[in-house]
Structure formats: structure tokens, C-alpha cells
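Chemist: show me the folded form of this:
(chains A and B)
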Protein chains: 2
Amino acid sequence: MTYASYLDFDRETLLDKLCQKLSAKRFQHVLGVEETAKALARHYDYDEDKAGLAALLHDYAKEESDQVFLEAIDRYQLDSDLKNWNNNVWHGLVGRYIISEELGLTDEEILRAIEVHTVGAKDMSCLDKIVYMADYIEPNRNFPCVERARELVYQSLDMAVAYATARTVAHLVDQGFAIYPQTLETYNSFVPYLLKDEIK
Amino acid sequence: MTYASYLDFDRETLLDKLCQKLSAKRFQHVLGVEETAKALARHYDYDEDKAGLAALLHDYAKEESDQVFLEAIDRYQLDSDLKNWNNNVWHGLVGRYIISEELGLTDEEILRAIEVHTVGAKDMSCLDKIVYMADYIEPNRNFPCVERARELVYQSLDMAVAYATARTVAHLVDQGFAIYPQTLETYNSFVPYLLKDEIK
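Modeler: Have a look, this model is predicted:
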């Protein structure tokens, strides 16, 4: 497969690059997200190759050092409040700029899906939702809410995003972690799609 | 007792006004918050009368109609995004203006404590924390986390605010309710004070 519309190299070359950038465990996770994103794209009649590529790229910057992200926030003149956060927030919101620069990717839809894959957004495109959910439910994931999310995602992407975001917020609070304001925006935007069954 | 520094009338007259504005149940709640706020003020060496007055007034506007709040948001030229929210948010953030106008109260510390008593704030004064916590733990309150909050509040107001806010966010998510962004700011600001014991 070539990604000629988006990149100057093919899938095999991209996999080589990912394998170099990422741990074996994360590389396998990325392949799981690709497989799931393609399945969701088929189900929701979205461009399967594009969904697969966005999925392959979503964690490209995940293992960069904090220093790389902090410098990138300055270099790309991003909101300096980002410096108060951490890798979980940076690898998407800042990672998109690193990916664009290092791989020459300019497709705004793919870059946006990478940008919001962890924190979501008030308004999410079909591709944004596919990558966000594929990341949550890919086959290597194993946590209490994942089976329910796997059921919901084929019923409605909006219901699934609502469920995954609500469970993520609940998890962060239970663990005593700070919550990025954009995650709350995602929650508030999608909470009307929460099924009554999901309310405890 | 007179509230001569703050109001033109005494506690008895204020209680009469509150009794007229509020249901019997809420009036009793308000008395419980007053009692608790005074106890906390004694413990933390804060002005007991001032804490008691802020507590008595905190829910003054709680039973106003939505229409009253929506008109007040325009009249006081408050952030129009407030119109997307509801009584839970309005009775503090907008209520402070109604209280000031109807009762002639101008003390900024008391008005601020009333303003933030439900959603909290990134920075909270001692009085803000006393009213916020007294509202959460007053003797008529009866929910799973209240006993732990009653213990924590005499150890540290910051730990108690962190705990109450985390439990509030968790409750809102479990119920599928939207979360006001200022509530998240409070959570993120106080989460460093969460005891490890409280993390599940």
C-alpha cells in the first residue's frame, strides 16, 4: 500500500520508522489501533486507508522526551499553558506539529485526528471519533469498561465517545490526576449522547 | 446579634426574609450550614459572625426562577455563556448580584464566598473554603462521602476542598451531568491536596 496522497513513502517504510521510534509494546498497540480504525471506517463508510494511516501515526510522538515537547511548544508558538501539562496531553496536541515536520504530512483532517486523539474536542469529525475510539478499544486494551465501549462503538460513534470520555474523566478523578480543560469540553459536548443505562 | 458591619438589619430579620424566600427544608439546610460554618471559623480562627452570615446567605437565591436568573445575567452584563447552564451554577455565580441588590450587602469577601460556594474557584479564601465545605457537610447532609469529608475538614481545609470537589466531579460524571468549567478549575487547583488514601 502507498500513502501517495499523504506521504512520500509507503506503509512498510512508515512501519520501519514507527518501529524505530516506539517500544515493541507501543508498536503493537499502534497496529491494533490501525486494525480497529479500519474496521470502524468500513462500518461507518469512511475512507479506510485514511483512517488506517491516521491510526498508525497517532502515537508517533508518544515517546519523545519532555524537553522535545517543551521546545516544540515554543517553536510552534503554541499556548504556553501547555507547558503546565504532560506527555499525555502533549503527544497529540503538540505531536501533530512534530509529525507534520518530520514526515512532511500536511493533510489537515489526519493531523486534527492525531491532535485530539487523547483529549477529544467539542466538535469532532468522523475521523477524529474513529481514531479516538480505536485508541480506546483496540484488541490489546484490557480494562473494565472496554467491552461495553466495543459494543457501543458499532451502535453510534457519538454514544461511544460519550461513554469513553465519561469513563476517562471518572478514572482520572479516581486516580487523583488533573484533567485537561479540553477533555472536559469533550465530556460536556458529548454527555447528551450518554445512554441512561450508562448512568450509575 | 446584629450584622451592623454588613447589613441594615439583624439576624432575626434575615431569618424572616430567608423563611419567606425558601422552602422549610432549604431553610433548615441553611441553618445547618450556618452552624457548621461557625464551627469551622472557630477551628480555623476566622471571624465567626462573618462566616455565619455568609453561610446564612449562600442559598438566598436558590429558589428564584430560571427567568429571574436569565434576566439578571443580562442586567448585570455577566458572561452570556452562563445562559447555557442552570440553577446549580446560577444561584451562586448570579445569586451574589441578586443578594447584593436586594439586601444592600456590599462586603466583597462574603459576596465572593456566596459566588463560588457551588463551583469553587482556582484560588479560594479561607471564607470561600469554609462556606464551600459547610455546605457539603452540614448536619442534614447524608451521602456516602460525607463522613470522610467531616473528618478531613478539621485536618485541612485544602484537603477537604480537594476531596469534596473530586467526589462532586465523580458524582456528576456517574449521573451523566455536564460539569461547569470552573468546577474543573477548582478540581485541578486542589487535586495536589488529595490524600493518597482517597485515590482508588
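
Chemist: just the helices in chain A please.
Modeler: A:11-21, A:24-43, A:48-57, A:66-75, A:87-93, A:95-103, A:108-115, A:126-137, A:146-152, A:157-175, A:181-190 (DSSP state H).

Chemist: for chain A, which residues are neighbours of chain B?
Modeler: A:166, A:169-170, A:173-179, A:181, A:184-185, A:187-188, A:191, A:194, A:196, A:198-200 (Cβ under 8 Å from any Cβ of the partner chain). Quick note: C-beta positions are derived from backbone N, CA and C, even for glycine.

Chemist: in PyMOL, how would I select the buried members of these?
Modeler: Those of these that count as buried under 16 or more other Cβ atoms under 10 Å in any protein chain shown are selected in PyMOL with:
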select buried, chain A and resi 166+169+170+173+176+178+179+184+185+187+188+191+194+198
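
Chemist: so which of the helices of chain A gets nearest B:His29?
Modeler: Nearest to B:His29, of all the helices of chain A, is helix A:157-175, at 25.7 Å by Cβ to Cβ.

Chemist: so what's A:His91 up against?
Modeler: By Cβ atoms under 8 Å, 6 or more residues apart in numbering or on different chains, A:His91 lies in contact with A:59, A:61-62, A:64, A:69, A:118.

Chemist: can you tell me which of those residues is nearest chain B?
Modeler: Nearest to chain B out of these is A:Thr118 (Cβ to the nearest Cβ; 16.4 Å).

Chemist: contacting residues for the closest one?
Modeler: Neighbours of A:Thr118 in contact, by Cβ under 8 Å, 6+ apart: A:88-89, A:91-93, A:135.

Chemist: mind putting the residues you listed into JSON lines with distance to A:Val161 and pLDDT?
Modeler: Listed next are the contacts of A:Thr118 as JSON lines, based on distance: Cβ to Cβ, whole Å; pLDDT from 0 to 100:
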{"residue": "A:Asn88", "distance to A:Val161": "18", "pLDDT": "97"}
{"residue": "A:Val89", "distance to A:Val161": "18", "pLDDT": "98"}
{"residue": "A:His91", "distance to A:Val161": "19", "pLDDT": "98"}
{"residue": "A:Gly92", "distance to A:Val161": "15", "pLDDT": "98"}
{"residue": "A:Leu93", "distance to A:Val161": "18", "pLDDT": "98"}
{"residue": "A:Asp135", "distance to A:Val161": "11", "pLDDT": "98"}
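
Chemist: among the helices of chain A, which is nearest B:Asp49?
Modeler: Relative to B:Asp49, the nearest member of those by Cβ to Cβ is helix A:157-175, separated by 36.0 Å.

Chemist: what sits up against the closest one?
Modeler: A:40, A:44, A:120, A:124, A:126, A:129-130, A:132-133, A:136-137, A:145, A:148-149, A:152-153, A:178-179, A:183-184, A:186-187, A:190-195, A:198, B:166, B:169-170, B:173-174, B:176, B:179, B:187, B:199-200.

Chemist: dump that helix to CSV, restricted to CA.
Modeler: What follows is helix A:157-175, C-alpha atoms only, in CSV (Å, rounded to 0.1, in the frame of the first residue of the first chain):
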residue,chain,number,x,y,z
LEU,A,157,-19.7,6.8,17.4
ASP,A,158,-21.2,9.7,19.5
MET,A,159,-22.5,7.3,22.2
ALA,A,160,-19.2,5.6,22.3
VAL,A,161,-17.2,8.9,22.5
ALA,A,162,-19.6,10.0,25.3
TYR,A,163,-19.1,6.7,27.2
ALA,A,164,-15.3,6.6,26.7
THR,A,165,-14.9,10.2,27.8
ALA,A,166,-17.1,9.9,30.8
ARG,A,167,-15.2,6.8,31.9
THR,A,168,-11.9,8.6,31.3
VAL,A,169,-12.9,11.5,33.4
ALA,A,170,-14.1,9.2,36.2
HIS,A,171,-10.8,7.3,36.0
LEU,A,172,-8.7,10.5,36.2
VAL,A,173,-10.7,11.6,39.3
ASP,A,174,-10.4,8.3,41.0
GLN,A,175,-6.7,8.4,40.4
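
Chemist: could you tell me the angle between it and helix B:157-175?
Modeler: 150 degrees (axes from the mean of the first three to the mean of the last three Cα atoms, to 10 degrees).

Chemist: ok and helix A:157-175 relative to helix A:126-137, angle-wise?
Modeler: Using the same axes, to 10 degrees, helix A:157-175 lies at 50 degrees relative to helix A:126-137.

Chemist: average pLDDT across helix A:157-175?
Modeler: Helix A:157-175 carries an average pLDDT of 97.

Chemist: how far out from the middle of the chain is it?
Modeler: Centre-to-centre, helix A:157-175 and its host chain are 14 Å apart (Cα atoms, centre = their mean, to the nearest Å).

Chemist: so it versus helix A:24-43, what angle?
Modeler: 150 degrees.

Chemist: so what touches stretch A:94-109?
Modeler: Residues contacting stretch A:94-109 (Cβ under 8 Å, 6+ apart): A:5-8, A:14, A:17, A:50, A:54, A:57, A:59-62, A:64, A:68-69, A:72-73, A:76, A:78, A:82, A:111-112, A:114-115, A:125, A:127.

Chemist: of these, buried ones?
Modeler: Buried, going by 16+ other Cβ under 10 Å: A:6-7, A:14, A:17, A:50, A:54, A:57, A:59-62, A:64, A:69, A:72-73, A:78, A:82, A:111-112, A:114-115, A:127, out of the contacts of stretch A:94-109.

Chemist: tell me where the model's unsure across chain A.
Modeler: A:1-2, A:197-200 (pLDDT under 70).

Chemist: so for it, the centremost residue is which one?
Modeler: Residue closest to the mean C-alpha point of chain A, counted by Cα atoms, centre = their mean, is A:His117 at 2.3 Å.

Chemist: now A:His117: how far from B:Leu127?
Modeler: Distance of A:His117 to B:Leu127, given as Cβ to Cβ, to the nearest Å: 42 Å.

Chemist: A:Leu14 is in contact with A:Tyr3, isn't it?
Modeler: Yes. Between A:Leu14 and A:Tyr3 there is a contact under Cβ atoms under 8 Å: 7.2 Å.

Chemist: who touches both of the two?
Modeler: A:Leu53.

Chemist: next up, the contacts around A:Ile73.
Modeler: A:79-80, A:82-83, A:90, A:94 are the contacts of A:Ile73 under Cβ under 8 Å, 6+ apart.
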